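Asker: The sequence and its predicted three-dimensional model are supplied below.
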Amino acid sequence: MTDPTTLPDVVSVGQRRRPGGVFPTAGGGGGGNTGDPPGRTIDLDPGDPEPPQQTDPCAYPDTALPWNADAAGAYAVQKFLEKAAEIGFADAPNGVPNLRNREFGSFLIRGPGASITLTPTTAGEAGDPTSLELDPHNTTPSNYQGDVHSHPFGNPLPSQDDWNTFMANNDLARRAGRSNETFYMYIIAADQNGGPPITYVYQDGPRPVGSPDPAKPTQPGPEVNPDAQPCP
């Protein structure tokens, strides 16, 4: 087995925390939750000696897709909490739902253009991180774009089983003619102290069919803006 390593560095074009600690915002300025509309500029590599002009990522499919995928990953927190509230008891003590009792998950489906939707939320068994099975709900190799699931104990990293399943699903999509695409996995790490969950993103591709799978990451992926919004 190949030793675990980190994924190669990539230029972030989604709604992810920048190296300086802020999220993209409208106009490419500052960061944080300023009350401004969601960001609409590409998050450029600050080390690029000649960075390209900042552009509305929603104007181009290649940048709209990760933008919308990040929005779907962030939105999954709300959907998972709604499922926890539905289950109740230890998943919603005193009527307040949390993600600390079991795993929740969904697939990401690509729709028209670069839109991304979530399949219905499924829940694993309480305290058993290996019991979660996602609801395919019309997911096929032709529209699959990745998955999102929560970790109740706060671990931001994918397990080896998480990573193997992600790789296998990505391979099916590539074999369906999508080797030029990137696929996304979001992990929502619950805060053991009761704070808001944090969403991390990992990605795979583009790469040829049959190419070696990247090893499971050993460092947390980029943090996704909890207020990420899809393209209009």
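Answerer: Yes, it's here. Note that this is a predicted model, so its numbers are computed, not measured.
Asker: Next, count neighbours for residue 232.
Answerer: 7 (other CB atoms under 10 Å). Glycine gets a C-beta too; all of them are placed from N, C-alpha and C.
Asker: Identify the spatial nearest neighbour of it, chain neighbours not counted.
Answerer: Leaving aside its sequence neighbours, residue 232 sits nearest to residue 58 (CB to CB, 6 or more residues apart in numbering; 7.0 Å).
Asker: For stretch 195-213, buried residues please.
Answerer: Across stretch 195-213, burial judged by 16 or more other CB atoms under 10 Å covers 197, 198, 199, 200, 201, 202, 203, 204, 205, 207.
Asker: Same check on stretch 168-188?
Answerer: Neighbour-count burial for stretch 168-188 flags 169-171, 173-174, 178-179, 181-188 (criterion: 16+ other CB under 10 Å).
Asker: what's the spacing between it and its chain's center?
Answerer: Relative to its parent chain, stretch 168-188 has a centroid offset of 13 Å by CA atoms, centre = their mean, to the nearest Å.
Asker: Check the separation of the first and last residues in it.
Answerer: 21 Å (CA to CA, to the nearest Å).
Asker: one step back: would you check which pair of the buried residues of stretch 195-213 lies furthest apart?
Answerer: Using CB to CB, the two most remote members of the buried residues of stretch 195-213 are 197 and 207, lying 30.1 Å apart.
Asker: where does this structure have low pLDDT?
Answerer: Applying pLDDT under 70 to the chain flags the ranges 1-12, 25-54.
Asker: So which residues of it form strands?
Answerer: Ranges of strands in the chain, per DSSP state E, are 104-110, 116-118, 122-123, 144-151, 183-189, 198-204.
Asker: From the contact counts, what lies against the shortest one?
Answerer: Spelled out, that is strand 122-123. Applying 3 or more CB pairs under 8 Å, 6 or more residues apart in numbering; DSSP states H and E, we find strand 122-123 packed against helix 61-87, strand 104-110.
Asker: which parts of the longest one are buried?
Answerer: Judged by neighbour count (16+ other CB under 10 Å), helix 61-87 contains these buried residues: 63-77, 79-81, 83-84.
Asker: thinking again about what came up before, next, format the helices and strands packed on strand 122-123 as JSON lines and append distance to residue 157.
Answerer: What follows is these, written out as JSON lines (distance: least, CB to CB, whole Å):
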{"stretch": "helix 61-87", "distance to residue 157": "16"}
{"stretch": "strand 104-110", "distance to residue 157": "16"}
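Asker: Nearest to residue 13, out of the ones you listed?
Answerer: helix 61-87 (4.6 Å).
Asker: How far does the closest one sit from its chain's centre?
Answerer: Counting by CA atoms, centre = their mean, helix 61-87 is centred 8 Å from the centre of its parent chain.
Asker: Could you list every helix and strand in contact with that helix?
Answerer: Packed next to helix 61-87, using 3+ CB pairs under 8 Å, 6+ apart, are strand 104-110, strand 116-118, strand 122-123, strand 144-151, strand 183-189, strand 198-204.
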